[in-house]
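# This is a predicted model, with the sequence first.
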Amino acid sequence: MNINFSTRLIDWYADHKRHLPWRETSDPYRIWISEIILQQTRVAQGYDYFLRFIHRFPDVRSLAEASDEEVMKLWQGLGYYSRARHLHQAAGSMQGVFPSTYAEVRALKGVGDYTAAAICSFAYNMPCPVVDGNVYRVLARYFGIDTPIDTTNGKKLFAALADEMLDRQRPAVYNQAIMDFGALQCTPQSPDCLQCPLVDGCVAAREGRTAQLPVKQHKVKTSCRYLNYIYVRARANEKEYTFLKKRTANDIWQNLYEFPLIESDAPLSEEAFKRLPQLSLLFAADELSTLHVLCRDVKHVLTHRIIYANLYEVTLSESSAALTDYIKVDVNELGEYAVPRLIQTFIETCIG
Ligand code: SF4
């Protein structure tokens, strides 16, 4: 442990710490929920989700006993839905009690090295160093390390360094301090080196290399997908219905619901879409004559993917035999289904 380094970080933290509900507790269940929410989500966005989640599921047992549908619905809009599925599965495996050893916590579905270290240090004050993006950045800059952080060597090197720097008397507060320091002081684009308590020992600041560190070797490739959705209007018994399907494949948005979909390899003009043979497998000719566009070229960005989506509308006759493989939903109950954010946007902005 470098006493100077850890003491200065902890002193800085005392003045700058963010007061967040999951910081004011040592309940491992709440800390776990917050860590999973914050894995791919900014604090500002995750804050209200955390409060709603904890309000509805205050403990392991209430989460374990909930339905998949309810958990997914509460998660709707947060993205990365496998996190919600894993939370639910993990809660079901706990028999009502949150585990208390590092090995048991690490073995929970959806919990990796970082999350296990965060839970065990914050809840149980175990000497487990956290290594997240903030920690990589602070350590890479302070020590001037240009080994890429996304390589096996880099991961080992930074894990060992994080362990060496950990304040073993105060692991919880040290871990929170270094992560907040990375998030607020040593930020990716504009680190505040002038006001930094670590500046006199910082290699990157001394050598003018803050913009070059940390180094990443692999650039993430982004691919495009083209989704053509169909909002179906159907009437029966003086009610209006539409149709949904649950996404079950091991793909984006697993277990969420969506409108009937035809995915294409390339963008399709409205005319080209109307000529697709798949349409006549879904609808009768007179139904297809009602097909028209509601929204086009909606861009939706996910990590590693850019989605371009169109929404069309088809009206069914009362005696229609179309879409027997789909769930027929009263439009007034559409809000009860967990849907991807893209579908929610369509519902809110394109469907009259
Ligand atoms: S001096 Fe600058 S680069 Fe170095 S730790 Fe402080 S904020 Fe980060």
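Nice, I can see it. Numbering: from 1, shown residues only.
# how about the nearest residue to residue 46, chain neighbours excluded?
residue 37 (4.4 Å; C-beta to C-beta, 6 or more residues apart in numbering). Where C-beta positions appear, they are placed from N, C-alpha and C, glycine not excepted.
# Same check on residue 43?
Per C-beta to C-beta, 6+ apart, closest to residue 43 is residue 20, 6.8 Å.
# ok, the one you found touching residue 44?
No. In this structure residue 20 lies outside contact range of residue 44 using C-beta atoms under 8 Å: 10.8 Å.
# Look at the two and report which has more neighbours.
Set side by side, residue 20 and residue 44 show more neighbours around residue 20, with 16 against 7, by other C-beta atoms under 10 Å.
# Could you measure from that one over to residue 126?
21 Å (C-beta to C-beta, to the nearest Å).
# Then residue 273?
Separation of residue 273 from residue 126 (C-beta to C-beta): 56 Å.
# same thing with residue 290?
63 Å.
# cool, residue 313 as well?
Remark: distance between residue 313 and residue 126 (C-beta to C-beta) = 56 Å.
# One more: residue 284?
Taking C-beta to C-beta, one finds residue 284 at 64 Å from residue 126.
# neighbour-wise, which of the two wins?
More crowded of residue 284 and residue 126, by other C-beta under 10 Å: residue 126, with 18 against 13.
# phi, psi of the more buried one?
When read as degrees, to the nearest 10, the backbone of residue 126 gives phi -80, psi 150.
# what does the model give it for pLDDT?
The confidence metric pLDDT takes the value 97 at residue 126.
# now swap in residue 1 and tell me
For residue 1, the model assigns a pLDDT of 57.
# ditto for residue 173
On the pLDDT scale, residue 173 gets 96.
# Check whether it sits in a helix, strand or coil.
The local conformation at residue 173, judged by DSSP: H, G, I helix; E, B strand; the rest coil, is helix.
# Pull the number of nearby residues for it.
When neighbours are defined as other C-beta under 10 Å, residue 173 has 19 of them.
# would you say residue 129 is within a helix?
No. Read with three-state DSSP, residue 129 is coil and lies in no helix.
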